[in-house]
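Visitor: Give the three-dimensional model of this entry:
(2 chains)
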2 protein chains.
Amino acid sequence: MLPFLLLLLFAAPQGAGNSPAKAAAVDDGPSYTASGEMVRPENYREWVFLTSGVDMSYSDSAAAPARSVFDNVFVNPSAYRAFLKSGTWPDKTVLVLEVRGAEGAASINKRGHTQSPEVRGIEVHVKDSSKEGVWTFYGFGSTGAGKPFPRTASCYTCHQEHGIVDTTFVQFYPTLLPLAKDRGTIRPDLLKELEPVAAPAAGSPASSK
Amino acid sequence: MLPFLLLLLFAAPQGAGNSPAKAAAVDDGPSYTASGEMVRPENYREWVFLTSGVDMSYSDSAAAPARSVFDNVFVNPSAYRAFLKSGTWPDKTVLVLEVRGAEGAASINKRGHTQSPEVRGIEVHVKDSSKEGVWTFYGFGSTGAGKPFPRTASCYTCHQEHGIVDTTFVQFYPTLLPLAKDRGTIRPDLLKELEPVAAPAAGSPASSK
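Guide: Prediction:
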């Protein structure tokens, strides 16, 4: 979804992990190394899926990508359950953005895109009241812990300016958006983010220019 | 993913459900009505996500879609855990295909596609040894139980001819494909499905024609 500043960290294909989805719900909050890096959330593929986007960009001037990508977003189950009740995120929310290669024609598919085993990077957005600023972004390479993004990174200002629920892009999470509307948890000055965007020209935005 | 015959059942937007992901793992197999229809798997959005595709088609002659769609695939957690161990599907596997509307430019996104609250249809592929044929497809409308597809439907022959693991399209499930390779569970005569497909012309398949 590119809700986070996109790091094109070229990561090795990820295995699916061995822990069951059930276990992931027991203790799924963030943990950290002694130096303040975030321990890699290895089982995020067993968390709750929020959405996928393809070839997204927040820049008007961005050229078509040389290689297409999907952006898959997952959230830890305990935070998801809290959102279902309240329409917003509890402390210890962990949102994982996985950037994954997109295939064109593959096997019997002739059109559009499918997802490939190639993981190009993982970025994580964590709500933790014990940390300065509460919400922190972490970038992960192919292995190991994640480094916090500096507070001056553009992901923080972009999420502050456009994230409709508690600095997160719930406008792109199709099952959570109706809940946030029902609960009244959308920041009032950001309701404009839900207004239709005029197409730049004839045809779909994806095919024009 | 269009692994199933695409029914464009225009369904109402789906809520995210209220049951936690943890509960979904306890008893997540198929259940049926007295008349042999499948009871709707209401909590599939809390199951394990396998992949998303966008604007896929298995037909060479398919025109570009009038409206873009995403296809999200989920599996019940008990079947997922069994696949992690064995590289294939156990009895009582339930694979859910959700067809969801795709937005072009929306909020701050300028390019590509994001997912919308509009669910256009749900189709389910169930492995159940108590049923004739073992694997059955069910189509769901906006509410209620799912009707089995007749055995003459093309989804059965297509999955039989191209589904690399036990008639399922594991070639499009990026975290499961490496596991199936490791476990040697890919049908040998279908290894050809994994070979690169020549691009039809210059440019990406999505932008050509």
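Visitor: other SSEs contacting the longest strand along chain A?
Guide: Criterion DSSP state E: the longest strand present in chain A is strand A:114-127. The elements that strand A:114-127 packs onto, with contact taken as 3 or more C-beta pairs under 8 Å, 6 or more residues apart in numbering or on different chains; DSSP states H and E, are strand A:69-75, strand A:94-103, strand A:135-140, strand B:48-54. C-beta here means a position set from N, CA and C on the backbone, and glycine is covered the same way.
Visitor: Tell me what angle the longest one forms with strand B:48-54.
Guide: In this case it means strand A:94-103. Relative orientation of strand A:94-103 versus strand B:48-54 (axes from the mean of the first three to the mean of the last three C-alpha atoms, to 10 degrees): 50 degrees.
Visitor: Give me the distance from the longest strand of chain A to the chain's centre.
Guide: Its chain's C-alpha centre and that of strand A:114-127 lie 8 Å apart, by C-alpha atoms, centre = their mean, to the nearest Å.
Visitor: what does stretch A:27-43 give?
Guide: Distance, centroid of stretch A:27-43 to centroid of chain: 17 Å (C-alpha atoms, centre = their mean).
Visitor: for the record, mean pLDDT for the longest strand of chain A?
Guide: The predicted model assigns strand A:114-127 a mean pLDDT of 95.
Visitor: Mind listing the strands it pairs with, and their directions?
Guide: Next to strand A:114-127 in the sheet, as set by DSSP bridges, lie strand A:94-103 (antiparallel), strand A:135-140 (antiparallel).
Visitor: Let's have the ones you listed in JSON lines, adding mean neighbour count and distance to B:Gly112.
Guide: Compiled in JSON lines, these are given as follows (neighbours: other C-beta atoms under 10 Å in any protein chain shown; distance: least, C-beta to C-beta, whole Å):
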{"stretch": "strand A:94-103", "mean neighbour count": "23", "distance to B:Gly112": "10"}
{"stretch": "strand A:135-140", "mean neighbour count": "22", "distance to B:Gly112": "21"}
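Visitor: Please produce CSV containing the ones you listed, extended by mean pLDDT.
Guide: Output for those, formatted as CSV (pLDDT from 0 to 100):
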stretch, mean pLDDT
strand A:94-103, 95
strand A:135-140, 98
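Visitor: okay, these in TSV with distance to B:Leu97 next?
Guide: Below are the strands paired with strand A:114-127 laid out as TSV (distance: least, C-beta to C-beta, whole Å):
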stretch	distance to B:Leu97
strand A:94-103	18
strand A:135-140	30
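Visitor: Tell me which of these approaches B:Val94 most closely.
Guide: strand A:94-103 (23.7 Å; C-beta to C-beta).
Visitor: how far does that closest one sit from the chain's center?
Guide: Centroid displacement of strand A:94-103 relative to its chain, using C-alpha atoms, centre = their mean, is 7 Å.
Visitor: Give the burial count for A:Val73, as a bare number.
Guide: 27 (other C-beta atoms under 10 Å in any protein chain shown).
Visitor: Show me where chain A has its helices.
Guide: A:21-24, A:77-86, A:154-162, A:177-183 (DSSP state H).
Visitor: Which elements pack onto the third one?
Guide: Other helices and strands packing on helix A:154-162, by 3+ C-beta pairs under 8 Å, 6+ apart, are strand A:135-140.
Visitor: neighbouring contacts of the strand it packs on?
Guide: A:4-5, A:7, A:9, A:11, A:37-38, A:40, A:121-128, A:146-149, A:153, A:155-156, A:159, A:166-167 (C-beta atoms under 8 Å, 6 or more residues apart in numbering or on different chains).
Visitor: Tell me what angle that strand forms with helix A:154-162.
Guide: Strand A:135-140 runs at 140 degrees relative to helix A:154-162, counting by the same axes, to 10 degrees.
Visitor: what's the offset of strand A:135-140 from the middle of its chain?
Guide: That offset, for strand A:135-140, works out to 11 Å (C-alpha atoms, centre = their mean).
Visitor: Look up the closest residue to A:Glu37, ignoring the ones flanking it.
Guide: Spatial nearest neighbour of A:Glu37, excluding adjacent residues (C-beta to C-beta, 6 or more residues apart in numbering or on different chains): A:Ala145 at 3.7 Å.
Visitor: Check A:Arg187 too.
Guide: A:Ile164 (5.9 Å).
Visitor: Could you pull up the residues touching that neighbour?
Guide: Each residue near A:Ile164 by C-beta under 8 Å, 6+ apart is listed here: A:170-171, A:180, A:186-187, A:190-191, A:193-194, B:107.
Visitor: What does the pLDDT read for it?
Guide: The score at A:Ile164 is 97. That number is its pLDDT.
Visitor: cool, A:Glu37 as well?
Guide: Listed pLDDT for A:Glu37 reads 97.
Visitor: Straight-line length of stretch A:171-186, end to end?
Guide: Distance between the two ends of stretch A:171-186: 9 Å, counting by C-alpha to C-alpha, to the nearest Å.
Visitor: and for it, what are the contacting residues?
Guide: A:1, A:3, A:50-51, A:53, A:73, A:83-84, A:86-88, A:164-166, A:170, A:193-194, B:13-16, B:45, B:100, B:106-107, B:109, B:114-118.
Visitor: pLDDT on it, on average?
Guide: Stretch A:171-186 comes out at a mean pLDDT of 97.
Visitor: likewise stretch A:194-209?
Guide: 58.
Visitor: how many neighbours does A:Ser154 have?
Guide: That count, for A:Ser154 with other C-beta under 10 Å as the rule, works out to 11.
Visitor: what pairs with the spatially most central residue of chain A across the strands?
Guide: Residue closest to the average C-alpha location in chain A (C-alpha atoms, centre = their mean): A:Leu97, at 3.5 Å. Under DSSP bridges, the beta-bridge partners of A:Leu97 are A:Val73, A:Glu123.
Visitor: That one contacts A:Val119, correct?
Guide: No - if you go by C-beta atoms under 8 Å, A:Leu97 and A:Val119 don't touch, sitting 11.1 Å apart.
Visitor: For the residue nearest to A:Arg187, give its distance to A:Leu177.
Guide: Distance of A:Ile164 to A:Leu177, given as C-beta to C-beta, to the nearest Å: 8 Å.
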